[in-house]
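Visitor: could you work out the structure for the sequence below:
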Amino acid sequence: MSQQYVAAIDQGTTSSRCILFDRDGRIVSVDQREHRQIFPQPGWVEHDAEEIWTNVEVVVQEALEKSDITPDQVAAVGITNQRETTVVWDRETGKPVHNAIVWQDTRTDDLIRALAADGGQDRFRERSGLPLATYFSGPKLRWLLDNVDGLRERAERGEVLFGTMDTWIIWNLTGRHVTDVTNASRTMLMNLATLEWDPEILDALGIPAAVLPEIRSSSEVYGEARGYLEGTPVASALGDQHAALFGQTCFDPGDVKGTYGTGTFLVMNTGTEPVTSQNGLLTTLGYKLGDEPAVYALEGSIAVTGSLVQWLRDNLGLISTAPEIETLARTVDDNGGCYIVPAFSGLFAPHWRSDARGVMAGLTGYVTKGHIARAVLEATAWQTREVVDAMNADSRIDLTTLKVDGGMTADNLLMQILSDVLDAEVVRPMVAETTCLGAAYAAGLAVGYWPDVETLRANWHKAAEWNPEMEPAVRDREYHNWNKAVRRTLDWVEHEEA
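Guide: Got it, this is the predicted structure:
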């Protein structure tokens with residue numbers, strides 16, 4: 001029998017990729033294609049779902065052809081995706097009724113305020129694990145039902161289908177209308193205890209159940225692919241951050257991964273019981289393997305980390321390429337008393353303050369561009385510390401090791417600062433593409449390509465590690481100053497009462 005591989009389709013916010021992995025979890029081939037970002041008006045972000053599906057078809061074929069791999073050598077396909085992005089399409093024609101509304105889109109702000117007027121921001125948190133926020137899919141679906149002519153009536157007749165991007169890709173691949181528990185948990189419509197759509201939330205949001213996909217586990221065969229991959233099992237789906245948790249082999253309660261990109265997402269495995277956060281984190285699904293019990297997680301989302309480096313490059317011109325920030329920050333020994341809190345569009349976890357705006361505090365005539373560069377890197381570390389403190393408090397498990405991935409982890413100085421402020425080991429794996437790897441692992445498990453999670457653990461190898469070098473007194477002083485800077489971001493935007 002010819003060599004077999006597992007394919008992962010990563011449908012992301014800016015591009016779609018296909019990566020092929022071998023049994024050792026090594027990358028064999030990659031192809032990637034970007035899609036358009038559509039901005040109809042301020043705060044609105046859309047994607048063309050048909051363009052994305054076309055790109056997915058192209059990257060799958062190209063990834064195989066680059067390495068002379070034939071479709072019959074693909075043992076299974078797994079899917080990982082940008083979460084919360086919302087698509088509605090015609091059941092018969094497969095044509096979307098509107099552009100996809102992207103997770104970053106804030107057009108549902110008025111709806112969120114109206115929903116919060118009866119029960120507050122935590123109105124559905126006990127059932128769904130999530131606060132009321134424009135971030136999640138349920139309100140986006142409600143907006144489409146209210147604003148696309150005739151859509152509500154068509155939805156009630158069962159003529160249209162809703163899905164996040166995993167559902168859209170699986171439907172186009174197999175004709176099955178399904179999602180997995182991780183993506184369903186990000187809609188604000190799924191009950192965390194039953195892992196089913198919650199009738200009370202559907203009723204409150206005015207969403208007909210007929211449009212919703214069937215909720216399945218993250219690792220099982222949903223159907224066989226049609227077209228180029230004819231007959232290949234489509235066997236996993238995980239939202240991108242959940243896939244990274246799985247790809248980093250965070251299989252034990254207390255394991256934490258941090259993905260450092262445009263923003264940063266920290267996810268902690270909390271075991272088979274959901275932990276309700278008392279400290280500003282989201283309760284979500286980690287993953288579910290077939291018939292095994294679901295594994296839950298706590299998640300802390302940080303809005304601005306890598307994009308702060310881009311801001312330093314593009315808006316201030318202090319560096320010409322992102323990697324230069326490490327060189328510039330190394331020209332000084334500390335931040336010179338300067339602290340930057342990048343609340344460009346409010347603060348996410350653990351604060352959830354949409355009224356906050358960014359500040360640069362502690363400036364004196366002594367501060368140079370080197371100190372500012374260092375303060376930019378420290379902003380990512382201190383924001384991580386805030387989330388980790390919340391995780392430790394909620395889970396009653398103290399973090400000892402943070403497994404990191406994402407583009408920012410190439411910055412060795414940032415990784416050392418991160419270890420210093422967390423007072424914990426920071427480790428970077430050999431395979432940085434942990435999101436795709438997690439989707440591949442879950443698909444491979446479903447078809448027996450990998451026998452068990454212990455085999456996956458054995459595949460995980462450390463590429464680099466950092467250990468704390470900062471004196472405790474310095475750490476405490478700097479965190480105190482960081483918190484003073486955070487307080488100065490609050491109450492900047494004043495919402496006028498209607």
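Visitor: flag the shaky bits of the stretch 351-498 of the chain, pLDDT-wise.
Guide: 495-498 (pLDDT under 70).
Visitor: now the helices: where do they sit in it?
Guide: Shown for the stretch 351-498 of the chain, the helices assigned by DSSP state H, counting those that start in this stretch span residues 369-395, 412-422, 434-447, 453-459, 472-487.
Visitor: so can I have TSV of the ones you listed showing distance to Thr167 and mean neighbour count?
Guide: Quick note: C-beta positions are derived from backbone N, CA and C, even for glycine. TSV is the format used below for those (distance: least, C-beta to C-beta, whole Å; neighbours: other C-beta atoms under 10 Å):
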stretch	distance to Thr167	mean neighbour count
helix 369-395	29	23
helix 412-422	35	22
helix 434-447	15	30
helix 453-459	26	15
helix 472-487	38	14
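Visitor: isn't there a strand covering Gly286?
Guide: Yes: membership of Gly286 in a strand is supported by DSSP: H, G, I helix; E, B strand; the rest coil.
Visitor: got a list of what it touches?
Guide: Thr182, His242, Leu245, Phe246, Cys250, Val267, Asn269, Thr270, Ala294, Val295, Tyr296, Ala297 (C-beta atoms under 8 Å, 6 or more residues apart in numbering).
Visitor: if you set the cut-off to 10 Å instead, what comes out?
Guide: Neighbouring residues of Gly286 by C-beta atoms under 10 Å, 6 or more residues apart in numbering: 181-182, 185, 218, 238, 241-242, 245-246, 250-251, 253, 255, 267-272, 294-299.
Visitor: would you map the strands across the stretch 1-150 of the chain?
Guide: 5-11, 15-21, 27-34, 46-47, 74-81, 87-90, 100-101 (DSSP state E, counting those that start in this stretch).
Visitor: Thr270: which element?
Guide: Assigned by DSSP states H and E, Thr270 belongs to strand 264-271.
Visitor: next one: that strand to chain centre, how far?
Guide: Put simply, strand 264-271 sits 11 Å off its chain's centre (C-alpha atoms, centre = their mean, to the nearest Å).
Visitor: got it, and stretch 311-321?
Guide: The answer for stretch 311-321 is 26 Å, by C-alpha atoms, centre = their mean.
Visitor: buried residues in that stretch?
Guide: Neighbour counts using 16 or more other C-beta atoms under 10 Å place Trp311, Leu312, Arg313, Leu318, Ile319 of stretch 311-321 among the buried residues.
Visitor: what's the closest of the residues you listed to Ser395?
Guide: Trp311 (32.7 Å; C-beta to C-beta).
Visitor: tell me the contacts of the closest one?
Guide: Val304, Leu318, Ile340, Pro342, Phe344, Gly358, Val376.
Visitor: Serialize these to TSV and add fields for secondary structure and distance to Thr232.
Guide: What follows is the contacts of Trp311, written out as TSV (DSSP: H, G, I helix; E, B strand; the rest coil; distance: C-beta to C-beta, whole Å):
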residue	secondary structure	distance to Thr232
Val304	coil	39
Leu318	coil	48
Ile340	strand	48
Pro342	coil	43
Phe344	strand	42
Gly358	coil	47
Val376	helix	44
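Visitor: and which of those is nearest to Asp10?
Guide: Once C-beta to C-beta is applied, the member of the contacts of Trp311 that ends up nearest Asp10 is Val304, at 22.6 Å.
Visitor: surely the closest one touches Ser345?
Guide: Yes: assessed by C-beta atoms under 10 Å, Val304 is found in contact with Ser345 at 7.8 Å.
Visitor: which residue, other than its chain neighbours, is closest to Asp109?
Guide: Thr134 (5.5 Å; C-beta to C-beta, 6 or more residues apart in numbering).
Visitor: same check, this time on Trp143
Guide: The nearest residue in space to Trp143 (C-beta to C-beta, 6+ apart) is Thr108, at 5.3 Å.
Visitor: mind listing the helices for the stretch 51-200 of the chain?
Guide: Going by DSSP H, counting those that start in this stretch, the stretch 51-200 of the chain shows helices at 109-116, 125-128, 137-147, 151-156, 165-174, 181-184, 199-205.
Visitor: just name the most buried of the ones you listed.
Guide: Comparing those by mean neighbour count (mean count of other C-beta atoms under 10 Å), helix 181-184 ranks first with a mean of 30.
Visitor: any idea how far it is from the middle of the chain?
Guide: For helix 181-184 - counting by C-alpha atoms, centre = their mean - the centre lies 12 Å from the chain centre.
Visitor: extract the C-alpha set from that helix and format it as PDB.
Guide: Output of helix 181-184 as PDB, limited to C-alpha atoms (Å, rounded to 0.1, in the frame of the first residue of the first chain):
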ATOM      1  CA  VAL A 181     -19.100  20.900  19.700                       C
ATOM      2  CA  THR A 182     -16.200  23.400  19.700                       C
ATOM      3  CA  ASN A 183     -17.700  25.600  16.900                       C
ATOM      4  CA  ALA A 184     -21.200  25.200  18.300                       C
END
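Visitor: now for the strands of the stretch 1-150 of the chain, which one comes closest to Glu465?
Guide: Closest among the strands of the stretch 1-150 of the chain, once you apply C-beta to C-beta, is strand 27-34, at 21.7 Å.
Visitor: contacting residues around that closest one?
Guide: Against strand 27-34 from outside (C-beta under 10 Å, 6+ apart): 3, 5-8, 10, 12, 14-22, 51-52, 54-69, 431-433, 436-437, 440.
Visitor: mind giving me the ChimeraX select for the residues you listed, buried ones only?
Guide: A single ChimeraX command selects the buried members of those (16+ other C-beta under 10 Å):
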select :5,6,7,8,10,12,16,17,18,19,20,21,51,52,55,56,57,58,59,60,61,63,64,69,431,432,433,436,437,440
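Visitor: and of the helices of the stretch 351-498 of the chain, who's closest to Gly94?
Guide: That would be helix 434-447 among the helices of the stretch 351-498 of the chain, by C-beta to C-beta, at 23.3 Å.
Visitor: next one: Leu205 from Leu111, what distance?
Guide: For Leu205, the distance to Leu111 equals 9 Å [C-beta to C-beta, to the nearest Å].
Visitor: oh, I was asking about Thr384
Guide: Counting by C-beta to C-beta - Thr384 and Leu111 are separated by 31 Å.
Visitor: just Lys66 next, same as before
Guide: 45 Å.
Visitor: still on that earlier bit, tell me which of Val304 and Ser345 has more neighbours.
Guide: Between Val304 and Ser345, Val304 has the larger neighbour count (other C-beta atoms under 10 Å), namely 25 against 16.
Visitor: hmm, what's the outermost residue in the chain?
Guide: The centre of the chain is farthest from one residue, Gly365, which by C-alpha atoms, centre = their mean lies 39.6 Å away.
Visitor: where in the protein is pLDDT low?
Guide: Checking the chain against pLDDT under 70 turns up 1, 495-498.
Visitor: dump the strands of the stretch 1-150 of the chain to CSV, plus distance to Leu281.
Guide: Converted to CSV, the strands of the stretch 1-150 of the chain look like this (distance: least, C-beta to C-beta, whole Å):
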stretch, distance to Leu281
strand 5-11, 25
strand 15-21, 29
strand 27-34, 32
strand 46-47, 28
strand 74-81, 22
strand 87-90, 28
strand 100-101, 25
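Visitor: for Leu192, find the nearest of those.
Guide: strand 74-81 (20.3 Å).
Visitor: who does that closest one pair up with?
Guide: strand 5-11 (parallel), strand 233-239 (parallel) (DSSP bridges).
Visitor: JSON lines for these, including distance to Val77?
Guide: Putting those into JSON lines (distance: least, C-beta to C-beta, whole Å) gives the following:
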{"stretch": "strand 5-11", "distance to Val77": "5"}
{"stretch": "strand 233-239", "distance to Val77": "5"}
